[in-house]
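Undergrad: Give me the fold of what follows.
(chains A, B, C and D)
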2 protein chains.
Amino acid sequence: MADDIHLKGVDFNCLHCEKQHNDCEKTLDCCCKNCFNDGSTNLLKSLDYKELDFLVDGKQQIIYKPGETIIKQNTSSTYVVCIRKGLAKVYVEGVKGKSLVVRLIGQHDFVTGGDLFNGNVQKFTISAVTEVHCCLISASKLSQLFSENNRFAVELLRHHTKQNNDLLNKLVVLTQKYMPGRVADTLLYLKNHVFCVNPFSVPLTRQDLADMSNMTKESLVRILQQFKSSGLIKTQGSTFEILDENGLQEISRNG
Amino acid sequence: MADDIHLKGVDFNCLHCEKQHNDCEKTLDCCCKNCFNDGSTNLLKSLDYKELDFLVDGKQQIIYKPGETIIKQNTSSTYVVCIRKGLAKVYVEGVKGKSLVVRLIGQHDFVTGGDLFNGNVQKFTISAVTEVHCCLISASKLSQLFSENNRFAVELLRHHTKQNNDLLNKLVVLTQKYMPGRVADTLLYLKNHVFCVNPFSVPLTRQDLADMSNMTKESLVRILQQFKSSGLIKTQGSTFEILDENGLQEISRNG
DNA sequence: GGCTGATTGATATATGTCAATCTTCTGATT
DNA sequence: AATCAGAAGATTGACATATATCAATCAGCC
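TA: Below you'll find the model as predicted:
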């Protein structure tokens, strides 16, 4: 989720805000061109400035309050969402009222999938955990770029492929590991892929963490207590500290 | 998996076999141009003959015996596989020796995903259930087509999006439904998406069916017995007949 | 006839459910 | 700013149950 980007070309004033481009690049906070940077795929790098301008022209910048729904499962949407600020959860509303949190998205994450090119409905819900500033970009603009720049199409396919692989992995983790292994995976995911610092503060409820690990909140709490008394982690309210990452990885491996 | 296709253009002799094009189209058995027909996305239809020729030129046609591995998880591969004949299973080799069958592929199915554009390794294994005739096509050819034909890139993205949605659905089914619901889903999948006839013969072991439903073979057998005595299905060895599809769907819904 | 796979049964266990208590946060009131 | 009340979330415990495991028998098939 956090990755430095290198814009090609010379310095210029950002067309979408009053700052200098250098400021935009530094803060990664305002200029929407920075939205198209995904830690793993970096969709941005295959587009030049002209193409970026085309893409971000007419985008909508929206602010959501904690708890608000950004995209609702089973409604159709032809937007690509990219997060400028804040944390949101992507989850599937399953059977018997249960939810399954598939991933967390934060600054510069990019969400396609669901509908987009399918004409069907979204297969997941995205809702704001903290206040979220994000941009909505029309999907049709993406496809228009494909013929001009086939590297961009390949990047987008890469992005989808990665999501696919992540889902396959989640499928195995959630169905074949015991609870301690699943909680260990969730904790390692939070530390290494979402917050990227060690004592980290999680703006999620235990229920959310349980929905990420496919178990009840009671079970999650019990496993956390076990980890605490084994000296693997330290928790204080919503603050978590990983004390023994190797230990957690061991537990993750053994399922 | 079964879908009629309509090739555009006038009749012609197939360039890749000795038959007339009309025969190829009818039997869907020989001409590799028919490989690029996926029941749901129909990748073929966005390509013209020149582009198809480019794509299938230099493809490899291979035959695999039952049980043979076509693509092995954790090895890299830059091929797209399309099945000309036979049945294969796509599965993930998970933890503690467990396998999870993600989907079955048959005639005219198209498998991307895994590596392809990622430079990484495949995240799943494909192995032949019956004798499989398939074509391997170099992935780099696909990306070369993107700039000439952006509809093709969109179709490929659709294909990926559909796979993504299927995986999300499988995630919910396997984690949130009880065993009867999961077995019902597996049976309905076999009848409606794989074999498409009612009394159907399944060349899979009970272990395979259990791996599709995320349970042990013993549990699977027990559920099947329950379904039999409830009059929902009839089984005789590897032959299954769905007697009460609505009943199965009801069980699927209630988890 | 022996091997592989299918079925059935008895038992163990991981995990969920339900209920009670405890903690933390929030927001209104003074 | 301090206090308090209420609510929402977190934790703990006792119990229920879905599902796996292990072992034995049965059936089909080169």
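
Undergrad: going forward, measure contacts between C-alpha atoms and count neighbours the same way
TA: Noted.

Undergrad: Would you mind pulling up the elements that the strand or helix carrying residue A:209 packs against?
TA: Using DSSP states H and E, residue A:209 maps to helix A:206-213. If you count contacts as 3 or more Cα pairs under 8 Å, 6 or more residues apart in numbering or on different chains; DSSP states H and E, helix A:206-213 packs onto strand A:99-105, helix A:179-189, helix A:217-229.

Undergrad: now the strands: where do they sit in chain A?
TA: Using DSSP state E, the strands of chain A run over A:60-64, A:69-71, A:79-85, A:88-93, A:99-105, A:110-111, A:125-128, A:132-138, A:200-201, A:233-236, A:239-242.

Undergrad: coming back round to it: please identify which of the helices and strands packed on helix A:206-213 is closest to residue B:104.
TA: Of all those, strand A:99-105 sits nearest to residue B:104, with 23.9 Å by Cα to Cα.

Undergrad: now the angle from the closest one to helix A:206-213?
TA: For strand A:99-105 against helix A:206-213, the angle between stretch directions is 90 degrees (axes from the mean of the first three to the mean of the last three Cα atoms, to 10 degrees).

Undergrad: What strands line up against strand A:99-105, and which way round?
TA: When pairs are called by DSSP bridges, strand A:99-105 turns out to pair with strand A:88-93 (antiparallel).

Undergrad: For the partner strand, output the C-alpha coordinates as CSV.
TA: The C-alpha coordinates for strand A:88-93 follow below in CSV (Å, rounded to 0.1, in the frame of the first residue of the first chain):
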residue,chain,number,x,y,z
ALA,A,88,-12.1,1.3,4.0
LYS,A,89,-13.1,-2.3,4.1
VAL,A,90,-14.1,-4.5,1.2
TYR,A,91,-16.5,-7.2,2.3
VAL,A,92,-19.0,-9.7,1.0
GLU,A,93,-22.4,-9.9,2.6
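
Undergrad: So for that strand, mean pLDDT?
TA: Per-region confidence: strand A:88-93 scores 95 on mean pLDDT.

Undergrad: now swap in stretch A:51-62 and tell me
TA: Mean pLDDT, stretch A:51-62: 81.

Undergrad: I would like the residues contacting it, please.
TA: By Cα atoms under 8 Å, 6 or more residues apart in numbering or on different chains, the list of residues contacting stretch A:51-62 from outside reads A:32-33, A:133-138, A:141-142, A:145.

Undergrad: Quick check: the farthest pair among the residues you listed?
TA: The distance between the two most remote of these (Cα to Cα) is 25.2 Å, for A:133 and A:145.

Undergrad: Export the contacts of stretch A:51-62 to TSV and append columns for pLDDT.
TA: Formatted as TSV, the contacts of stretch A:51-62 follow (pLDDT from 0 to 100):
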residue	pLDDT
A:32	53
A:33	57
A:133	91
A:134	89
A:135	88
A:136	87
A:137	85
A:138	83
A:141	84
A:142	82
A:145	84
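
Undergrad: Can you say which of these are buried?
TA: Using 16 or more other Cα atoms under 10 Å in any protein chain shown as the burial test, the contacts of stretch A:51-62 include A:32-33, A:133-138, A:142, A:145 as buried.

Undergrad: of all the residues you listed, which comes closest to residue B:200?
TA: Closest approach between the buried ones among the contacts of stretch A:51-62 and residue B:200, by Cα to Cα: residue A:142, at 43.1 Å.

Undergrad: Find the nearest non-adjacent residue to the closest one, please.
TA: Closest residue to residue A:142 apart from its sequence neighbours, by Cα to Cα, 6 or more residues apart in numbering or on different chains: residue A:55 at 7.2 Å.

Undergrad: Would you mind measuring from that neighbour to residue A:136?
TA: 11 Å (Cα to Cα, to the nearest Å).

Undergrad: got it, and residue A:58?
TA: Using Cα to Cα, one gets 9 Å for the distance from residue A:58 to residue A:136.

Undergrad: what residues are up against the residue of the stretch 1-150 of chain A found nearest DNA strand D?
TA: The nearest approach of the stretch 1-150 of chain A to DNA strand D comes at residue A:67, 9.7 Å away (Cα to the nearest atom of the strand). The contact partners of residue A:67, by Cα under 8 Å, 6+ apart, come to A:127-130.

Undergrad: Select, out of the strands of chain A, the one closest to DNA strand C.
TA: Closest among those, once you apply Cα to the nearest atom of the strand, is strand A:233-236, at 7.5 Å.

Undergrad: returning to what we had before: return the distance of the residue of the stretch 1-150 of chain A closest to DNA strand D relative to residue A:106.
TA: Computed as Cα to Cα, the residue A:67 to residue A:106 distance reads 15 Å.

Undergrad: which residues pair with the closest residue to residue A:112 other than its chain neighbours across the strands?
TA: Using Cα to Cα, 6+ apart and skipping the chain neighbours, the partner closest in space to residue A:112 is residue A:80 (5.4 Å). Using DSSP bridges, the bridge partners assigned to residue A:80 are residue A:137.

Undergrad: Residue A:80 reaches residue A:138, doesn't it?
TA: Yes - counting by Cα atoms under 8 Å, residue A:138 is a contact partner of residue A:80 at 6.3 Å.

Undergrad: Residue numbers of chain A in contact with DNA strand C?
TA: A:177-180, A:214-216, A:218-219, A:237 (Cα under 7 Å from any atom of the strand).

Undergrad: go with 6 Å
TA: Residues of chain A lying close to DNA strand C (Cα under 6 Å from any atom of the strand) are A:178-179, A:215-216, A:218-219.

Undergrad: For those residues, work out which two are farthest apart.
TA: Once Cα to Cα is applied, those give A:178 and A:218 as the farthest pair, at 15.1 Å.

Undergrad: In the stretch 1-150 of chain A, which residue sits nearest chain B?
TA: Among the residues of the stretch 1-150 of chain A, residue A:147 lies closest to chain B, at 4.4 Å counting by Cα to the nearest Cα.

Undergrad: And the contacts of stretch A:88-107?
TA: So stretch A:88-107 is in contact with A:1-2, A:35, A:73, A:83-87, A:123-130, A:132, A:167, A:194, A:208, A:211-212, A:214, B:168, B:172-173, B:176-177, B:253-255, going by Cα under 8 Å, 6+ apart.

Undergrad: same thing but at 7 Å, please
TA: With contact meaning Cα atoms under 7 Å, 6 or more residues apart in numbering or on different chains, stretch A:88-107 is reached by A:1, A:83-87, A:124-130, A:211-212, A:214, B:172, B:176, B:255.

Undergrad: now swap in stretch A:226-235 and tell me
TA: Stretch A:226-235 is contacted from outside by A:240-244, A:247-248, using Cα under 7 Å, 6+ apart.

Undergrad: again, only this time at 6 Å
TA: By Cα atoms under 6 Å, 6 or more residues apart in numbering or on different chains, the surrounding residues in contact with stretch A:226-235 are A:240-244.

Undergrad: Which of those sits closest to DNA strand D?
TA: For the contacts of stretch A:226-235, the nearest to DNA strand D is residue A:240 (10.4 Å; Cα to the nearest atom of the strand).

Undergrad: how about the nearest residue to residue A:126, chain neighbours excluded?
TA: Once flanking residues are discounted, residue A:126 sits nearest to residue A:90: 4.5 Å by Cα to Cα, 6+ apart.

Undergrad: count of neighbours near that neighbour?
TA: When counting by other Cα atoms under 10 Å in any protein chain shown, one arrives at 20 neighbours for residue A:90.

Undergrad: Can you spell out which residues form a bridge with it?
TA: With DSSP bridges applied, residue A:90 shows beta-bridge pairing to residue A:103, residue A:126.
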